[in-house]
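Trainee: structural data only, the sequence is not supplied:
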């Protein structure tokens, strides 16, 4: 097996992402990892537990843990994202492009601007 | 001061991920791992340049060990590159992630204005490990951290652009 490895990280990337389906999967997995980081950061700032979020969002703690640890296999559905945003009191912007690419970013929604996190940001 | 963050990979990790692409059902696990590494480096880039006092690893690893001070300086090889890194290295963070049934060890080397996110190894989490309780997974992960640290110091990482 020696010398079978790709010569650079980008060579490995080219090998793994050679077709459209693989590239789509790659982008989806990056969004899942980003979402997991976002959820964990908000939980830390608000001093909340995963089980507390699970209860508030009507999800299982295992599902929350999978997201936070970057283990989720598929992107959460729009309905789940809505419940997560509501439970976290954070605005989530979901951008679905014509080519099927999805982007999720954080932004204060109208309903969330009174949450302590944004109140502090506005006054600092 | 801007910190440059780059993703690197040890040949062992690259070889393991490249091998998975030939197995039915495993290719997506390798893709998921690569996506995770890229996102980790991207998040590190954002946090390193956000003037925050503490750069937090997110998503959260299963296990993490941090090295600072003399312990991060003396283990680099006696080459020009090794001495250079030994001089510049402020800290090493070593962590284990378990994603998509692949357990990976990632090291983050902080070296003044540069930060290297290095994927050191990638192993399939076998069914036996899966049945272990969470506490045992953490113990196993910590044991791997000690073993894989040597891979970091061999300086054979694969470059990324």
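Mentor: Cool, the structure landed. This one's a predicted model, so the numbers in the text were calculated from it and none came from an experiment.
Trainee: in chain A, which spans are helices?
Mentor: A:9-16, A:20-45, A:50-57, A:61-68, A:78-88, A:116-123 (DSSP state H).
Trainee: ok, which of these comes nearest residue B:141?
Mentor: For residue B:141, the closest of the helices of chain A is helix A:61-68, at 15.5 Å, according to CB to CB. From N, CA and C alone the C-beta is placed, and that goes for glycine too.
Trainee: list the buried residues in the closest one.
Mentor: Across helix A:61-68, burial judged by 16 or more other CB atoms under 10 Å in any protein chain shown covers A:63, A:64, A:65, A:66, A:67, A:68.
Trainee: pick the one among these closest to residue A:92.
Mentor: residue A:67 (12.7 Å).
Trainee: how close does that closest one get to chain B?
Mentor: Using CB to the nearest CB, to the nearest Å, one gets 8 Å for the distance from residue A:67 to chain B.
Trainee: ends of stretch A:14-27, how far apart?
Mentor: For stretch A:14-27, the first-to-last residue distance is 14 Å (CA to CA, to the nearest Å).
Trainee: which residues make contact with that stretch from outside it?
Mentor: Residues outside stretch A:14-27 that contact it (CB atoms under 8 Å, 6 or more residues apart in numbering or on different chains) are A:6, A:100-102, B:17-18, B:21, B:27-28, B:30-32, B:34-35.
Trainee: could you pull up the mean pLDDT of that stretch?
Mentor: Here stretch A:14-27 scores 90 as its mean pLDDT.
Trainee: swap in stretch B:85-94?
Mentor: Computed over stretch B:85-94, the average pLDDT equals 90.
Trainee: one more: stretch B:109-120?
Mentor: 90.
Trainee: what distance separates it from the centre of its chain?
Mentor: Centroid separation for stretch B:109-120 versus its chain: 9 Å, with CA atoms, centre = their mean, to the nearest Å.
Trainee: coming back round to it: buried ones among the contacts of stretch A:14-27?
Mentor: Here, 16+ other CB under 10 Å leaves A:6, B:17, B:18, B:21, B:27, B:28, B:30, B:31, B:32, B:34, B:35 buried among the contacts of stretch A:14-27.
Trainee: tell me which of the residues you listed fall in strands.
Mentor: Judged by DSSP state E, strands contain none of the buried ones among the contacts of stretch A:14-27.
Trainee: what would the buried residues of helix A:61-68 look like in JSON lines with pLDDT and distance to residue B:154?
Mentor: JSON lines is the format used below for the buried residues of helix A:61-68 (pLDDT from 0 to 100; distance: CB to CB, whole Å):
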{"residue": "A:63", "pLDDT": "92", "distance to residue B:154": "39"}
{"residue": "A:64", "pLDDT": "93", "distance to residue B:154": "38"}
{"residue": "A:65", "pLDDT": "89", "distance to residue B:154": "34"}
{"residue": "A:66", "pLDDT": "87", "distance to residue B:154": "34"}
{"residue": "A:67", "pLDDT": "87", "distance to residue B:154": "35"}
{"residue": "A:68", "pLDDT": "85", "distance to residue B:154": "32"}
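Trainee: got JSON lines for the residues you listed, with distance to residue A:78 too?
Mentor: Formatted as JSON lines, those follow (distance: CB to CB, whole Å):
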{"residue": "A:63", "distance to residue A:78": "15"}
{"residue": "A:64", "distance to residue A:78": "17"}
{"residue": "A:65", "distance to residue A:78": "21"}
{"residue": "A:66", "distance to residue A:78": "18"}
{"residue": "A:67", "distance to residue A:78": "15"}
{"residue": "A:68", "distance to residue A:78": "20"}
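Trainee: pick out the most distant pair among those.
Mentor: A:63 and A:68 (9.8 Å).
Trainee: just to revisit the earlier point, just send the buried ones among the contacts of stretch A:14-27 back as JSON lines, with pLDDT too.
Mentor: Formatted as JSON lines, the buried ones among the contacts of stretch A:14-27 follow (pLDDT from 0 to 100):
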{"residue": "A:6", "pLDDT": "76"}
{"residue": "B:17", "pLDDT": "90"}
{"residue": "B:18", "pLDDT": "89"}
{"residue": "B:21", "pLDDT": "82"}
{"residue": "B:27", "pLDDT": "88"}
{"residue": "B:28", "pLDDT": "88"}
{"residue": "B:30", "pLDDT": "90"}
{"residue": "B:31", "pLDDT": "92"}
{"residue": "B:32", "pLDDT": "89"}
{"residue": "B:34", "pLDDT": "91"}
{"residue": "B:35", "pLDDT": "91"}
